[in-house]
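Chemist: sequence plus predicted model, see below.
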Protein chains: 4
Amino acid sequence: MNRKVPTASGTTRAGTSSARRQQILDTATAVFAEKGIIGATVRDISERAGILSGSLYHHFASKEEMIIDILAPVVQSQIDEFDRIVERQSDPAEILRLVIAAEVAQSARTPNVARILRQDEHQISALGGLDEVVQHRRAIRTRVESVITNGINAGQFRPDCDPRVISLALFDLTLGAYRHLKPLGRYSTEELTKQLTAVLLNSLVVAENPSKRPAR
Amino acid sequence: MNRKVPTASGTTRAGTSSARRQQILDTATAVFAEKGIIGATVRDISERAGILSGSLYHHFASKEEMIIDILAPVVQSQIDEFDRIVERQSDPAEILRLVIAAEVAQSARTPNVARILRQDEHQISALGGLDEVVQHRRAIRTRVESVITNGINAGQFRPDCDPRVISLALFDLTLGAYRHLKPLGRYSTEELTKQLTAVLLNSLVVAENPSKRPAR
Amino acid sequence: MNRKVPTASGTTRAGTSSARRQQILDTATAVFAEKGIIGATVRDISERAGILSGSLYHHFASKEEMIIDILAPVVQSQIDEFDRIVERQSDPAEILRLVIAAEVAQSARTPNVARILRQDEHQISALGGLDEVVQHRRAIRTRVESVITNGINAGQFRPDCDPRVISLALFDLTLGAYRHLKPLGRYSTEELTKQLTAVLLNSLVVAENPSKRPAR
Amino acid sequence: MNRKVPTASGTTRAGTSSARRQQILDTATAVFAEKGIIGATVRDISERAGILSGSLYHHFASKEEMIIDILAPVVQSQIDEFDRIVERQSDPAEILRLVIAAEVAQSARTPNVARILRQDEHQISALGGLDEVVQHRRAIRTRVESVITNGINAGQFRPDCDPRVISLALFDLTLGAYRHLKPLGRYSTEELTKQLTAVLLNSLVVAENPSKRPAR
DNA sequence: TATGAATGAGGTTTCATTCAT
DNA sequence: CATGAATGAAACCTCATTCAT
């Protein structure tokens, strides 16, 4: 029981990770995205999963556990991705470019989770038991700030840009990416990445000479 | 906060706009901002207002009415402001600059409302009875999109920028402005406006020649 | 609001101590005694009180609070009584006599509470939030043990009596007193006290001479 | 524990008395004693038995059947023992002495069952299907009362002792015996029997002359 | 206007029990 | 015999709202 299933992260918890469980989790993700973490009732989820509400508790200890199991792997993978990026790259501009690409890709892969993270930021903070998730997200933001600061100190980024403002902007914009992406929107991941990279980096990188304008 | 706007709609019902009513509304705004529209209970608000929960209903017909009375005037004033701007200005870049400034100023004036609009976007859409507010906000966004399209058509903005992306980005960033502003943050309204204008316009405006780079 | 009503102890809590509250509390005491702390549902209580189950929560924060508010004053008064006794008396036999009388009197005054304390000892220990009550009861028992030990050391009580056994016996018997008392049973408080005193003290007191046999 | 008594009734249904069944029953007894009949869930028991909760129902038709199968044999053996005693003895004092000894011995043999009988008296009465057990226990008490009455009528016991009080006291004290017994407590069965006999009989037997005091 | 009691619908959760595999 | 998924009733509790005083 509870063999470590590759849930895209090491977040396997109490509940068994059966196929049914994952199926319910997917349903729940959609419902949470549609109605919000609080607005979505356990009955909403169970009905859509073709189950009685009490039966959910065979798979999950609580509504909160469902939410954690939905969000934690994604946030963890964001951190992992970030780690991989800064491991391979040292150029601040390049790092930011890759971070934006990664975040947009994540939004494309798990749009419902992105929507939840964006819409229910408040409830997530207040939920208790999601402290880990919240802290992880804060951790990434802080590290992106550092990257920007490094870029400024290296003379590569404009000194009049506040790293905190830019960092928050980066996540504000990439988190909302799901609104533009297929199938709902008209953009592919790559095209949207280009757009957002342009918005965020053009304002940041010092234009040494016209031929080297960073984003097109 | 919340100068007596014509209430933007016929939503004013039972309660006349007494001083007490406004005082409760201010308290409610703070509580909604802190706990979210759903998370904040009528009792939370009444306790903070030094009143019993039942007594709130002498001033407001429902929790929903409170929310409407909090949000509608602000959103209406955003529209009015926008109207005033496009009335006086025709240059797209200049319009965007002024819109950004206006939005940031609004965030500075009513930070709690900004926080509510940002955090509870979802509940606001789903609440029913706030359709007006929701439509107003959508209306502004559409009109900003038009302005950007005009700029592109006029050759002033880059053709590879999607007006919808930029428009959403503009509101994403300005709505979150309250996080940087005093008294919580370190920025004055003007300084933050400069930062955000840089982020948004640098990527947009065609750099005809170096001496004309739009934002510093 | 919440003026300190003389609840027979200092246990006034969050909920207002209105007349209605006390009335509900009395009803609840009867229901708890009949069906047991767990067996009695919030609906059982509210129905008998002529109220909807949700309305109980206007008066009490939780079922647990009800239980605490029922038990704590009685247990506290037991402690107070015990304090008063040992203040005035130093003779161990006399103390025990008075303790037995006090416990029986308590059982007569609040038979339902006695029944709850006796029947739901287990749930009370496990409930959490009743630690105070549980510890109080344990405290009295320990102090009665000391009194018995003193009696033994003074040569007044038989040395082959275990204070712990006698102490537990004393509370076992007096707690069950409500079963014999009017109106349910056939005994008055005084008569039953006599009976139980006989049972407990005859075995304890060293019979110095026939004319001084302790209980009749 | 629980020698294969003829089950005292026709309650044995689905499960044959396999070794596994008895093993689960022992586990259940411990859990019921620890958490109480209601507090102990079927899952608690099954977990401790290393089984899934649903699988319990291959051995028992219901939770109630488990309880019956735990309690009935013990209560039945108490009755049998009592029968054996009154068969051989006619002296009321001697009968009581032997009854006390038998009850304490039972408490020593099956302390968990004793604890259940003592703690969950209420739930047992209310459970339905345990009527037999309840009636058995009541039957013994009534018969002990008769013995005491006989003793009074014979001039052997004090006339001012109420048989009902003494009878209840006897079972109150012996049922609680498990609290004093090894391995938890410090007493052997014999020593505790002596103590309790002293408490109960000293108050009862008419002291004809000092040399004949009944209990030491 | 304010109070305080009450409503009633609905929320999350628990748990004994059933049953196909 | 055991599993694991599911059931369904019922438990405790929340909360926006109403209303007599």
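Modeler: Noted; the coordinates are in hand.
Chemist: how far out from the middle of the chain is the worst-scoring helix or strand of chain A on mean pLDDT?
Modeler: When the helices and strands of chain A are scored by mean pLDDT, DSSP states H and E, helix A:121-127 comes last with a mean of 86. Put simply, helix A:121-127 sits 15 Å off its chain's centre (Cα atoms, centre = their mean, to the nearest Å).
Chemist: name the residues that touch that helix?
Modeler: Helix A:121-127 has contacts (Cβ atoms under 8 Å, 6 or more residues apart in numbering or on different chains) with A:36-38, A:64, A:67, A:71, A:116-117, A:130, A:133-134, B:35-36, B:38-39, B:119-120. The way it works is simple: take the backbone N, C-alpha and C, and place the C-beta from them, glycine included.
Chemist: residue A:97 against residue A:198, yeah?
Modeler: No - counting by Cβ atoms under 8 Å, residue A:97 stays clear of residue A:198, with 10.6 Å between them.
Chemist: who has more neighbours out of these two?
Modeler: Taking neighbours as other Cβ atoms under 10 Å in any protein chain shown, residue A:97 and residue A:198 compare with residue A:198 leading, 22 against 19.
Chemist: dihedrals phi and psi, the more buried one?
Modeler: For residue A:198, the backbone dihedrals are phi -60, psi -50 (criterion: degrees, to the nearest 10).
Chemist: with residue A:157 instead?
Modeler: The phi/psi pair for residue A:157 (degrees, to the nearest 10) reads phi -110, psi 150.
Chemist: excluding its backbone neighbours, what's nearest it?
Modeler: Leaving aside its sequence neighbours, residue A:157 sits nearest to residue A:151 (Cβ to Cβ, 6 or more residues apart in numbering or on different chains; 3.8 Å).
Chemist: so the one you found sits against residue A:90, correct?
Modeler: No - contact status for residue A:151 versus residue A:90: not in contact, 10.8 Å apart, counting by Cβ under 8 Å.
Chemist: between the two, tell me which one has more neighbours.
Modeler: Shown here are residue A:151 and residue A:90; by other Cβ under 10 Å, residue A:151 has more neighbours (23 against 10).
Chemist: what strand or helix carries the more buried one?
Modeler: Here residue A:151 sits within helix A:131-153, counting by DSSP states H and E.
Chemist: tell me how far that helix lies from the chain's centre.
Modeler: The answer for helix A:131-153 is 14 Å, by Cα atoms, centre = their mean.
Chemist: again, but for stretch A:183-203
Modeler: 16 Å.
Chemist: again with stretch A:42-62
Modeler: Using Cα atoms, centre = their mean, the offset of stretch A:42-62 from its chain centre is 26 Å.
Chemist: do that stretch and chain D meet?
Modeler: No - using Cβ under 8 Å from any Cβ of the partner chain, we find that stretch A:42-62 stays clear of chain D, coming within 10.6 Å at best.
Chemist: just the CA coordinates for that stretch, please, in PDB.
Modeler: Provided in PDB are the C-alpha atoms of stretch A:42-62 (Å, rounded to 0.1, in the frame of the first residue of the first chain):
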ATOM      1  CA  VAL A  42     -17.400  18.600  -1.900                       C
ATOM      2  CA  ARG A  43     -20.700  17.700  -3.300                       C
ATOM      3  CA  ASP A  44     -20.000  19.500  -6.600                       C
ATOM      4  CA  ILE A  45     -16.900  17.500  -7.000                       C
ATOM      5  CA  SER A  46     -18.300  14.200  -6.100                       C
ATOM      6  CA  GLU A  47     -21.300  14.600  -8.300                       C
ATOM      7  CA  ARG A  48     -19.100  15.400 -11.300                       C
ATOM      8  CA  ALA A  49     -17.000  12.400 -10.400                       C
ATOM      9  CA  GLY A  50     -20.100  10.200 -10.300                       C
ATOM     10  CA  ILE A  51     -19.800   9.400  -6.600                       C
ATOM     11  CA  LEU A  52     -21.400  10.200  -3.300                       C
ATOM     12  CA  SER A  53     -19.800  13.000  -1.400                       C
ATOM     13  CA  GLY A  54     -19.000  10.800   1.600                       C
ATOM     14  CA  SER A  55     -17.200   8.400  -0.700                       C
ATOM     15  CA  LEU A  56     -14.600  11.000  -1.500                       C
ATOM     16  CA  TYR A  57     -13.300  10.500   1.900                       C
ATOM     17  CA  HIS A  58     -12.300   7.000   1.000                       C
ATOM     18  CA  HIS A  59      -9.700   8.700  -1.200                       C
ATOM     19  CA  PHE A  60      -8.900  11.900   0.700                       C
ATOM     20  CA  ALA A  61      -8.800  12.800   4.300                       C
ATOM     21  CA  SER A  62     -10.300  16.200   3.700                       C
END
